[in-house]
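**Q** Everything below, folded, please.
(one chain, ligands or ions: 1)
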Amino acid sequence: MTLFDLSGRTAIVTGANTGIGRAIAAGLAGAGADIVGVGRSAMTGTEADVAAAGRRFTAIHADLSRAESAGKVMAEAAAAGAVADILVNNAGIIRRADALDFTEEDWDAVLDTNLKSVFFLCQAFARAAITAGRPAKIINIASLLSFQGGIRVPSYTAAKSGLAGLTKLLANEWAARGINVNAIAPGYVETNNTTALRADAERNADILKRIPAGRWARPDDMVGAAIFLAAPAADYVHGTILPVDGGWLAR
Ligand code: NAP
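**A** Okay, here's the model as predicted:
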């Protein structure tokens, strides 16, 4: 096995139908992994990407705004013959409004999907990995707002900052159990999540001005970091939040 080879491994990727999740699923398949895509929408495009890489794709339909989905996801993955090797917690939502006007519904929706469900899926996955006695990798998709405050996204900032802390806690508890827990913090990526920002000419210009790389990220820009954190190359990497941001945090 080479440092970046994922042959014989299975990766569970949440929110795999679009954006960063689809790119990571296709990228991990390109490195040799079979893919279990988890989401609430059809994942036909991702299935085609994975098949083009010659790997197996299994779709699991689940609403990750509900923490109890975690058990169902791991049970269906096991029933499909998938082992708990790699988990990418990518599914996420964002709600934008001034903090003065922010509603409880927008708070709960984001915290439930972006943090609560992630914890319980990590827990269910880790139990399966420990029971199987196989080394495993968890990659959480964090954010620049795991480091910074942001603006008009209070529940998203709270969830992604919480996710950074959770990543470190789980790394501390599970490193000695053979599970690496790390996160990727994407910069500004051209996906559905950022449509509103890109549509606002002033915000778009402000953002672009600050990115040393001089452009928004594309979902594919996240693939190298995902392969690294999923692969034997990262066997001694625990609890890190790896920015892939075109240099944004260096400014
Ligand atoms: P996206 O294109 O909106 O993808 C989000 C994914 O999450 C979709 O597959 C979506 O499914 C899924 N999802 C949302 N709620 C779900 C639920 N209740 N149950 C199951 N699946 C659900 O956005 P993206 O930018 O690729 O986001 C992926 C991750 O990257 C998120 O965690 C996001 O916070 C993070 N991120 C994005 C950026 C950025 O600039 N784009 C930056 C930093 C971090 P549907 O298609 O069915 O809605």
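**Q** Find the nearest non-adjacent residue to F125, please.
**A** Leaving out its chain neighbours, the residue that sits closest to F125 by Cβ to Cβ, 6 or more residues apart in numbering is L87, at 4.5 Å. For glycine as for every other residue, the C-beta is placed from the backbone atoms N, C-alpha and C.
**Q** do G39 as well
**A** Here the residue nearest G39, using Cβ to Cβ, 6+ apart, is N17, at 5.0 Å.
**Q** ok now do the one you found, which residues does it touch?
**A** Going by Cβ atoms under 8 Å, 6 or more residues apart in numbering, N17 touches 37, 39, 41-43, 45-46.
**Q** Helices - which of these land there?
**A** Applying DSSP state H to the contacts of N17, the entries found in helices are 45-46.
**Q** For the ligand, tell me which of the contacts of N17 show up nearby.
**A** 39, 41 (Cβ under 6 Å from any ligand atom).
**Q** can the contacts of N17 go into a markdown table with extra columns for neighbour count and pLDDT?
**A** Conversion of these to a markdown table gives the following (neighbours: other Cβ atoms under 10 Å; pLDDT from 0 to 100):
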| residue | neighbour count | pLDDT |
| --- | --- | --- |
| G37 | 24 | 98 |
| G39 | 23 | 97 |
| S41 | 10 | 96 |
| A42 | 12 | 97 |
| M43 | 27 | 98 |
| G45 | 14 | 98 |
| T46 | 25 | 98 |
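**Q** what's the most distant pair in the contacts of N17?
**A** G39 and G45 (11.6 Å; Cβ to Cβ).
**Q** Run through the residues of this structure sitting next to the ligand.
**A** Counting by Cβ under 6 Å from any ligand atom, the residues of the chain that sit close to the ligand are 15, 17-21, 39-41, 63-65, 90-93, 113, 141, 143, 186, 188-189, 191-194.
**Q** Where helices are concerned, which of those count?
**A** 19-21.
**Q** how close does the nearest residue in space to P212 that is not next to it in sequence get to the ligand?
**A** Of all residues not flanking P212 in the chain, G247 sits nearest, at 3.2 Å (Cβ to Cβ, 6+ apart). G247 sits 15 Å away from the ligand, going by Cβ to the nearest ligand atom, to the nearest Å.
**Q** Name whatever forms a beta bridge with N180.
**A** K137 (DSSP bridges).
**Q** Can you report how many residues neighbour it?
**A** 23 (other Cβ atoms under 10 Å).
**Q** wait, what's in contact with the residue positioned nearest the centre of the chain?
**A** Centroid check for the chain by Cα atoms, centre = their mean gives N90 as the closest residue, at 2.5 Å. By Cβ under 8 Å, 6+ apart, N90 lies in contact with 13-16, 20-21, 24, 141.
**Q** so what's it closest to, chain neighbours aside?
**A** Closest residue to N90 apart from its sequence neighbours, by Cβ to Cβ, 6+ apart: G21 at 4.1 Å.
**Q** The one you found contacts A91, doesn't it?
**A** Yes: A contact is recorded between G21 and A91 when judged using Cβ atoms under 8 Å, the distance being 6.8 Å.
**Q** Need the overlap of contacts for these two.
**A** 14-15, 39.
**Q** Any chance of the residues you listed in JSON lines with distance to W174 as columns?
**A** Shown next, in JSON lines, are those (distance: Cβ to Cβ, whole Å):
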{"residue": "T14", "distance to W174": "19"}
{"residue": "G15", "distance to W174": "23"}
{"residue": "G39", "distance to W174": "25"}
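**Q** Need the contact partners of stretch 68-86.
**A** By Cβ under 8 Å, 6+ apart, stretch 68-86 touches 6, 9-12, 28, 33-34, 36, 38, 58, 60, 62-63, 117, 120-121, 123-129, 132, 134-139, 230.
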